[in-house]
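**Student:** no sequence for this one, just the structure:
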């Protein structure tokens, strides 16, 4: 089979009427100047014409999603199994993600051992023992076994195909790129880019052998540099945007959902209530630097104060399923929101008595911290009779994807300002 090169261009060329297809336009531009495609409009055209028929993620996207493999965007990739579209992963990326899952499980188990032990000691609880509680949490699995089960389930659920990078790439290809300083290699610590180089060359080779283009999801600058020189790899920075492009939702659906969420829309109050409930279940941790001694910090549930809603262009429709013979659309929407939340943080101060060899409590206080957090929320909506006068949108469920957040309190003192300052004059 003769390999067919996919065009990648941003240059505009005028054509007489009737105009050729978008891909033909880009192909002609490809002959004029050798520039990569960068616009979503051109990517969408190539998707519509079947010239891009696979998507892949780099490791940083999994980390950005806090390894939440069950989040709506990560699970939405499973819908591709029903389409002539593939979800591919470099074998190198797969190994890195598995290693991150294993490390996260090890750290969680280590933290659980410490906190459970402290709780049992404080309450002088003998039964159940720490070992029994940990057995219940882990199911008797090691961190590696738990990570393996999570990863295998995700690969199976999404129909992901993991490539064998070493079978696809000749080592000389990577070495030549290293010594030539080609992307993803550059100046500085070039050796750190060997895994990226292997992964990207494997994706490039797989695309060439199959005669397809691949939509690459990455925020990594080195990945972007490589894709901009590639004839088959097209990069976007967010998995939600990639899914939005692939889904190709019906015209007008995004505008309809935005109107439903608008200030006078029917859905804003329902979504705000859902997000408010979800904020209460977010995990907050706080960091602080005591001016004297040491401080132990505990956080309470967050409380939603306000929401800054997104523009229409920022709403990504990541999945659309037709129900009831097309009478109903089940739509999964991902949107960025700025949330102002209030979190009660308790501070317990102490100092170490080097004479008596013990920790002496200095009291504590609570601080109400207001923080603005930027998160993505996923909404599942049922749209009845879309595009008709009887159109109706029903809110099904919503969730905040980013579960864990850190608060930086900076320097803290055992005393509150009013304890040692009065009206601008010292006590």
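**Tutor:** Sure, I can see it. Treat the numbers as computed from the prediction; the structure is a model and nothing was measured.

**Student:** off-centre distance for stretch 280-294?
**Tutor:** Centroid displacement of stretch 280-294 relative to its chain, using C-alpha atoms, centre = their mean, to the nearest Å, is 25 Å.

**Student:** in this structure, which spans are strands?
**Tutor:** 52-57, 86-89, 161-162, 213-217, 233-236, 283-290, 294-308, 316-323, 328-353, 358-384, 392-400, 404-412, 421-422, 425-426 (DSSP state E).

**Student:** got the contact list for the fourth one?
**Tutor:** Applying C-beta atoms under 8 Å, 6 or more residues apart in numbering, the contact partners of strand 213-217 are 6, 43, 46-47, 51-58, 61, 88, 203, 206-207, 223, 227, 232-239, 242, 245-246. In short, each C-beta sits where N, CA and C put it, glycine included.

**Student:** what about 7 Å?
**Tutor:** 6, 46, 51-52, 54-58, 61, 88, 203, 207, 223, 227, 232-236, 238-239, 242 (C-beta atoms under 7 Å, 6 or more residues apart in numbering).

**Student:** low pLDDT regions in this protein?
**Tutor:** Filtered on pLDDT under 70, the chain yields the residue ranges 1-38, 172-192, 356, 416-427.

**Student:** buried residues, the longest helix seen in it. List them.
**Tutor:** Taking DSSP state H as the criterion, the chain has its longest helix at helix 91-122. Under the neighbour-count criterion of 16 or more other C-beta atoms under 10 Å, helix 91-122 has 91-98, 100-102, 104-105, 109, 116, 120 buried.

**Student:** with stretch 126-140 instead?
**Tutor:** 130, 133-134, 138.

**Student:** want to throw these into JSON lines with distance to residue 65?
**Tutor:** Shown next, in JSON lines, are the buried residues of stretch 126-140 (distance: C-beta to C-beta, whole Å):
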{"residue": "130", "distance to residue 65": "31"}
{"residue": "133", "distance to residue 65": "29"}
{"residue": "134", "distance to residue 65": "27"}
{"residue": "138", "distance to residue 65": "23"}
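
**Student:** so of those, which two are at opposite extremes in space?
**Tutor:** 130 and 138 (12.0 Å; C-beta to C-beta).

**Student:** distance of the nearest residue to residue 151 once chain neighbours are set aside from residue 111?
**Tutor:** Distances taken as C-beta to C-beta, 6 or more residues apart in numbering place residue 98 nearest to residue 151, at 5.1 Å, with adjacent residues excluded. Distance, residue 98 to residue 111, using C-beta to C-beta, to the nearest Å: 21 Å.

**Student:** so residue 202 is in contact with residue 163, correct?
**Tutor:** Yes - with contact defined as C-beta atoms under 7 Å, residue 202 counts as touching residue 163 (5.3 Å).

**Student:** counting neighbours, go ahead and name the busier of the two.
**Tutor:** residue 202 (26 against 21; other C-beta atoms under 10 Å).

**Student:** for the closest residue to the more buried one other than its chain neighbours, list the residues it contacts.
**Tutor:** Distances taken as C-beta to C-beta, 6+ apart put residue 165 closest to residue 202, at 3.8 Å, once the chain neighbours are dropped. Applying C-beta under 7 Å, 6+ apart, we find residue 165 in contact with 90-92, 198-199, 202.

**Student:** closest to residue 329 among those?
**Tutor:** Closest approach between the contacts of residue 165 and residue 329, by C-beta to C-beta: residue 90, at 33.8 Å.

**Student:** pull the number of nearby residues for the closest one.
**Tutor:** 27.

**Student:** please apply the same query to residue 84.
**Tutor:** Residue 84 - counted by other C-beta under 10 Å - has 7 other residues nearby.

**Student:** and the residue nearest to residue 202, how far from residue 231?
**Tutor:** In terms of C-beta to C-beta, residue 165 sits 19 Å off from residue 231.

**Student:** cool, and residue 210?
**Tutor:** The value you get for residue 210 to residue 231, if C-beta to C-beta is used, is 13 Å.

**Student:** and the nearest residue to residue 370 once chain neighbours are set aside, what does it touch?
**Tutor:** Leaving aside its chain neighbours, residue 370 sits nearest to residue 342 (5.2 Å; criterion: C-beta to C-beta, 6+ apart). Residue 342 makes contact with 302-303, 305, 368, 370, according to C-beta under 7 Å, 6+ apart.

**Student:** in helices, which of the buried residues of stretch 126-140 fall?
**Tutor:** Among these, the ones falling in helices (DSSP H) are 130, 133-134, 138.

**Student:** ok, those vs residue 313, which is closest?
**Tutor:** Proximity of these to residue 313 (C-beta to C-beta) peaks at residue 138, which lies at 44.4 Å.

**Student:** and that closest one, what does it touch?
**Tutor:** Counting by C-beta under 7 Å, 6+ apart, residue 138 touches 109, 146.

**Student:** please apply the same query to residue 295.
**Tutor:** 288, 347-349, 412.

**Student:** go again using 8 Å as the cut-off
**Tutor:** Listed by C-beta under 8 Å, 6+ apart, the contact set of residue 295 reads 288, 347-350, 412.

**Student:** now it: how far from residue 284?
**Tutor:** 16 Å.

**Student:** got it, and residue 227?
**Tutor:** For residue 227, the distance to residue 284 - C-beta to C-beta - is 36 Å.

**Student:** and for residue 214?
**Tutor:** Residue 214 is 38 Å from residue 284, by C-beta to C-beta.

**Student:** backbone dihedrals for residue 68, please?
**Tutor:** When read as degrees, to the nearest 10, the backbone of residue 68 gives phi -80, psi 90.

**Student:** burial count for it?
**Tutor:** Neighbours around residue 68, by other C-beta under 10 Å: 16.

**Student:** contacting residues around it?
**Tutor:** Taking C-beta under 8 Å, 6+ apart, one finds 74, 401, 403 in contact with residue 68.

**Student:** drop anything exposed from the residues you listed.
**Tutor:** Buried among these (16+ other C-beta under 10 Å): 74, 401.

**Student:** picking that back up, what subset of the contacts of residue 342 is buried?
**Tutor:** Buried by 16+ other C-beta under 10 Å: residue 302, out of those.

**Student:** I'd like the contacts of residue 342 as a markdown table, with distance to residue 159 appended.
**Tutor:** Formatted as a markdown table, those follow (distance: C-beta to C-beta, whole Å):
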| residue | distance to residue 159 |
| --- | --- |
| 302 | 36 |
| 303 | 40 |
| 305 | 41 |
| 368 | 47 |
| 370 | 43 |
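
**Student:** and which of the contacts of residue 342 is nearest residue 337?
**Tutor:** Nearest to residue 337, judged by C-beta to C-beta, of the contacts of residue 342 is residue 305 at 12.8 Å.

**Student:** one step back: between the buried residues of stretch 126-140, which is closest to residue 390?
**Tutor:** For the buried residues of stretch 126-140, the nearest to residue 390 is residue 138 (51.9 Å; C-beta to C-beta).

**Student:** perfect, that will be all.
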